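[1] sequence and predicted model, in that order:
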Amino acid sequence: MTLRIAALIAIVGTIAACTPEASGGPPPSTRGTAIAAAPETSSVPASRWRAVLIAGDNNSPAFDNGIDALRDKLTARGVRDIRVLTSDPRRNPSAQVASAANISSALRSGGGEACLVFITSHGDERGVVLKAANGMLGAGTLDNALDAGCGTRPTVVVVSACHSGVFLTPAMRQPNRVVLTAAAADRVSFGCGAGDRFTYYDQCLLQQFDGASTWGQLAQATRACVTGLEQRMGVRQPSQPQTFVGSSVADLRIPGR
């Protein structure tokens, strides 16, 4: 769904928002980045990470493009255990369908010393769309899956969707978790049109990935990139990406760094 906005120089453009029914977004948010105290340095070998990459919708190629590009970067860094879930089986016939049950199963499978979950899709105040499964994934369901599959291991969660700040619930804010979202709970994110290669957030995360050492650094660099991109595109109500970094993973390093 497209969201019409006026550019800063009075040129009218169309930017696709990452929500099932983009409407211009709710009132502005005043929330910023939340970072827990008591930092501890933490490093996990790349070969000991387990990654689950999820494309939740198929009405834009941007979602599967995002998980494919991140998979390639992780593979180049030495991550071996990568599970891909898609809502476009024709494009990724070897991948499982993105459903809540399959996400939970992927998190429970295998070993490893750290977890990475990357979800890119449309979203609303209920959570993210899992189109092929005709459902939604909410914060409570994801939190339960993380508890069952990752436990107290260092865990990174990236949710790239409109209103993805709804995943920053008290239950999700655990000391062993890093949670990055593409937007505040009351904001839409952008770049989910049929002609988009990546969503704005995914594009920035991928661009900044190689230059960051820790997940906290990547979150800050990605947010700055998104802010600049939205300003250049004339977005009037910015997405305001959010970050939570738990106290036991404040310096958790990106695989291979």
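    Right, received. Where do you want to start?
[2] show me the contacts for the residue lying closest to Asp88 once chain neighbours are set aside.
    Nearest non-adjacent residue to Asp88, counting by C-beta to C-beta, 6 or more residues apart in numbering: Asn58, 3.8 Å away. For every residue, glycine as well, the C-beta is placed using N, CA and C. Contact analysis of Asn58 by C-beta atoms under 8 Å, 6 or more residues apart in numbering lists Asp64, Thr86, Ser87, Asp88, Arg91, Lys131, Ala132.
[3] just the ones of those residues in strands?
    Thr86 (DSSP state E).
[4] pLDDT check: weakest of the contacts of Asn58?
    Note: of those, the lowest pLDDT belongs to Arg91, at 91.
[5] Provide a list of residues in contact with that residue.
    With C-beta under 8 Å, 6+ apart, Arg91 has these contacts: Asn58, Pro61, Asp64.
[6] can you rerun that using 10 Å?
    Arg91 makes contact with Ala55, Asn58, Pro61, Asp64, Asn65, Asp68 under the criterion C-beta atoms under 10 Å, 6 or more residues apart in numbering.
[7] give me phi/psi at the residue nearest to Asp88?
    Main-chain torsions, Asn58, degrees, to the nearest 10: phi -130, psi 10.
[8] ok, Gln237 next?
    When read as degrees, to the nearest 10, the backbone of Gln237 gives phi -120, psi 90.
[9] tell me, how many residues neighbour it?
    Residues near Gln237, counting by other C-beta atoms under 10 Å, number 18.
[10] now it: how far from Leu180?
    Counting by C-beta to C-beta, to the nearest Å, the separation of Gln237 from Leu180 is 20 Å.
[11] do the same with Glu113
    The gap separating Glu113 from Leu180 is 20 Å, by C-beta to C-beta.
[12] these two: who's more crowded?
    The neighbour count for Glu113 versus Leu180, taken as other C-beta under 10 Å, is higher for Leu180 (26 against 12).
[13] Tyr201 in helix, strand or coil?
    Here Tyr201 is recorded as helix under DSSP: H, G, I helix; E, B strand; the rest coil.
[14] tell me the pLDDT of it.
    Per-residue confidence (pLDDT) for Tyr201: 99.
[15] phi and psi next, for the nearest residue to it once chain neighbours are set aside.
    Leaving out its chain neighbours, the residue that sits closest to Tyr201 by C-beta to C-beta, 6+ apart is Ala182, at 3.6 Å. Dihedral pair for Ala182: phi -80, psi -20, per degrees, to the nearest 10.
[16] Ala182 reaches Leu229, doesn't it?
    No: taking C-beta atoms under 10 Å as the definition, Ala182 is not a contact partner of Leu229, at 11.9 Å.
[17] touching both of the two, which residues are there?
    What both Ala182 and Leu229 touch, as defined by C-beta under 10 Å, 6+ apart, is the set Phe190, Gly191, Tyr200, Tyr201, Cys204, Ser239.
[18] which of these lies closest to Ser248?
    Set against Ser248, the nearest of the shared contacts of Ala182 and Leu229 by C-beta to C-beta is Tyr201 (25.6 Å).
[19] the closest one: neighbour count?
    By other C-beta under 10 Å, the residues close to Tyr201 number 31.
[20] pretty sure it sits against Arg187.
    No: look at Tyr201 against Arg187 with C-beta under 10 Å: they stay out of range, at 11.4 Å.
[21] residues shared between the contacts of these two?
    Ser164, Thr181, Ser239, Pro241.
[22] who wins for neighbours among the residues you listed?
    For the shared contacts of Tyr201 and Arg187, neighbours tallied by other C-beta under 10 Å; top is Ser164, 33 neighbours.
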